[in-house]
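Peer 1: my questions are about this predicted structure, shown below with the sequence.
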Amino acid sequence: MSGGETATAGGPERPPALLEVTGLRTWFDTDQGTARAVDGVTFDVRAGETVGIVGESGCGKTVTSLSVLGLLPTPPARVLDGSSIRFRGEELVGATARRLRAIRGNEISMIFQEPMSSLNPVYPIGDQIGETLRLHRGMSRREARTEAVRLLDEVGIAGAERRVDEYPHELSGGMRQRVMIAMALSCAPDLLIADEPTTALDVTIQAQILELLAALRASRGMAVLLITHDLGVVAEVCDRVVVMYAGQVVERGTVEEIFADPRHPYTRGLLDSLPSVDEPGRRLVPIPGTVPAPTDWPDGCRFRARCPLAEERCGEPQDLVGLGREDRAARCWKAPAVGAGRERP
Amino acid sequence: MSEAPPAAAEPLLQVRRLKTGFPVRGGALGRSGAVLKAVDGVDFEIRRGETLGLVGESGCGKSTTGRSILRLIEPDEGEIRFDGMDVRALDRKELRRFRRRAQIVFQDPYGSLNPRLSVGAMLEEVLRVHGLGWADRRGRVVELLERVGLRPEHVDRYPHEFSGGQRQRLGIARALSVEPELLVLDEPVSALDVSVQAQVVNLLEDLQRDLGLTYLFIAHDLALVEHVSDRVAVMYLGRIVENAPADRLYRDPRHPYTRALLSAVPRPDPIGRAQRTRIVLGGDVPSPISPPSGCPFHPRCPHPAKDETCSSLRPALEEKVAGHVAACHKAALGPGK
């Protein structure tokens, strides 16, 4: 993988890249063989923007985010030579555990789908937020408590003064996710990685959390890398989108480009699988077949067996094809010809 | 099934004032005496060959409703009529006969398939329990597999050898094996990836068309429910708050909860997102152990005309427009936009 795709030569208005992932390959050695979970992934996140990584289960989106934070156990995981993850220009692949820990707490934070499994059930939530503050910001016990209350208030928990002493089980799912966000904010990170943050929540609570994330982004200028399978969520909150399939990026673009003018047949397939609000009776167009196993990606285009446009040439390895504007690309040789405008009802 | 157009068809299932509660553990000696009213007076009917979508957030009682109808959980009160028959009065033998006519498909196909039985053995077992002769069984199993889009050679495989979508096809094959008329579909595609969801939804639509099936489609995904349903009922804290033909419910919702729910659904339309007004409800769903007085939605209700009536008097389901009922004191009457 060459570093030729780093997006440092951006347009004049684009803010500088905060996170640049280039040619990332994270493989797992398993009994079934080598699982190439992430297999050459390149994208960037710029200051203050929200980038979505979208794809179905097994596409490698979560492994990508865990690789960025250096949170995968090695073995079985290994990040291959030639992979690069730069945060503000600093290479994180091969960085010391100590350095990674410092970055994780202070500059990049992460929230997960199931907050209950990230919270310690035997301590009040205030103590858990406070611990982060004392560890990373050197606050005293008293200062940490005051700051914990302020953070809980910032994430919209009513009666924060009282709630700070409650235990995780006393909170609803939405409240727990707010607590996780408060914890993630405690060190004022520049980048928040949110892995399916609303998947376990009901739709009205999901709306609350998405609104909170948008508000925090506006007030703090924090960038968000959102990992999700939900195209609706992507459309609601993201500026740019990275579509992943079978360990690779298959399409990148702005959120408008991805939804109004998808160029990769997989992206189109995902959108056509969704029930349409405008035309509820329209028959859904599923993608036939299933995702191949990560130990057994096909040669050539990995989507070929499920693709309605597949031809012989698709058996050759496919690179990301640039589509004019910087960062706009699709991993399909037909993408430039697929033309503008998806037929939409 | 029936030759008559759907609008004139008789209801296959009628549910009246259905209540199902669970004793709450806790308190001294584990007997708190409190009851969680999971289903608290539910009324609806489904016409033969139609799909009723039942939506609501977790804990609203939609799954308990589905299970109560089949008496997988015994209801405490109310009436369930299936094709004119009083389901709550059936004895054990009659209940088994009833369950040949009304089946359920669960969300997690893996959790509801026996891992030690091959597909063939599993389906034959169901056929045997329901009294099909041995000679017919093998042929019927192959027919079932083809019916749900699987291949005859799958008959000797075990559940773990199938993908999630294929497992859900197996769950559907098992339900179909006894040739039911009603299927309760309890979140049948929510564990599946979106591309595979569409495969299973299309299969369910084909089966309904070809076999004249009637569906109770329980789900939290509102866009999906709109797609599959003829009518949609919205539940909140154990009660139905609105029930209308699908297009009416989505275009002109009358209950403030339905409105908030619909406005909260993320839409795959980034260009329109700036113009959309979203009603974000405050707070969480209250506990069904001690639901609020009056209208159970009143503490979170954003309706501008909300008043003491709402906190003191429980609103009944009332027809707001022909065929469109809502349980709200303040919801507008008469035709809307």
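Peer 2: Ah, there it is.
Peer 1: find the nearest non-adjacent residue to residue 125, please.
Peer 2: Just going to use chain A. Nearest residue to A:Ile125, sequence neighbours excluded (Cβ to Cβ, 6 or more residues apart in numbering or on different chains): A:Val179, at 5.0 Å. For the C-beta atoms, the positions are set from N, CA and C on the backbone; glycine is no exception.
Peer 1: meant chain B, my bad for not saying
Peer 2: B:Leu117 (6.9 Å).
Peer 1: just checking, A:Ser67 touches A:Val38?
Peer 2: Yes. Under the criterion of Cβ atoms under 8 Å, A:Ser67 is in contact with A:Val38, at a separation of 6.4 Å.
Peer 1: picking up where we left off before, could you name the helices and strands sitting against the helix or strand containing the residue nearest to A:Ile125?
Peer 2: Using DSSP states H and E, A:Val179 sits within helix A:173-185. Counting contacts by 3 or more Cβ pairs under 8 Å, 6 or more residues apart in numbering or on different chains; DSSP states H and E, helix A:173-185 is packed against strand A:108-111, helix A:115-118, helix A:125-137, helix A:141-154, helix A:203-220.
Peer 1: of the ones you listed, which shows the lowest average pLDDT?
Peer 2: Here these differ in mean pLDDT, and the lowest is helix A:115-118 at a mean of 76.
Peer 1: and it, how far from the chain's centre?
Peer 2: When distances are taken as Cα atoms, centre = their mean, to the nearest Å, helix A:115-118 is centred 18 Å away from the chain's centroid.
Peer 1: contact partners of it?
Peer 2: For helix A:115-118, contacts defined as Cβ atoms under 8 Å, 6 or more residues apart in numbering or on different chains pick out A:Ile111, A:Phe112, A:Pro168, A:Gly173, A:Arg176, A:Gln177, A:Val179, A:Met180.
Peer 1: which SSE is the residue nearest the centre of chain B in?
Peer 2: Taking Cα atoms, centre = their mean, the centroid of chain B lies closest to B:Ile218, which sits 2.5 Å from it. Assigned by DSSP H and E, B:Ile218 belongs to strand B:214-219.
Peer 1: distance of the residue of chain A most remote from its centre relative to B:Glu125?
Peer 2: Going by Cα atoms, centre = their mean, the residue of chain A most distant from its centre is A:Arg142, 35.0 Å out. Separation of A:Arg142 from B:Glu125 (Cβ to Cβ, to the nearest Å): 66 Å.
Peer 1: give me the residues contacting stretch A:312-332.
Peer 2: A:5, A:7, A:9-11, A:42, A:44, A:240, A:248-254, A:257, A:263-265, A:267, A:299-301, A:304, A:307, A:333, A:335-336, A:338.
Peer 1: give me the neighbour count for the closest residue to chain B within the stretch 51-200 of chain A.
Peer 2: As assessed by Cβ to the nearest Cβ, chain B sits closest to A:Glu56 within the stretch 51-200 of chain A, at 3.9 Å. Other residues within reach of A:Glu56, judged by other Cβ atoms under 10 Å in any protein chain shown, total 21.
Peer 1: helix/strand/coil for it?
Peer 2: Three-state call for A:Glu56 (DSSP: H, G, I helix; E, B strand; the rest coil): coil.
Peer 1: so what's the nearest residue to it once chain neighbours are set aside up against?
Peer 2: Excluding the flanking residues, the one nearest A:Glu56 by Cβ to Cβ, 6+ apart is B:Asp193, at 3.9 Å. By Cβ under 8 Å, 6+ apart, the contact set of B:Asp193 is A:Glu56, A:Ser57, A:His229, A:Val291, B:Gly164, B:Gly165.
Peer 1: ok, now with 10 Å
Peer 2: Counting by Cβ atoms under 10 Å, 6 or more residues apart in numbering or on different chains, B:Asp193 makes contact with A:55-59, A:229, A:270, A:273, A:287, A:290-291, B:163-165, B:199.
Peer 1: and the next element down the chain from whichever strand or helix holds B:Gly53?
Peer 2: Assigned by DSSP H and E, B:Gly53 belongs to strand B:51-55. On the C-terminal side of strand B:51-55, the closest following helix or strand by DSSP H and E is helix B:62-69.
Peer 1: does chain A have contacts with that next one?
Peer 2: No. Helix B:62-69 does not reach chain A (Cβ under 10 Å from any Cβ of the partner chain); its nearest approach is 12.0 Å.
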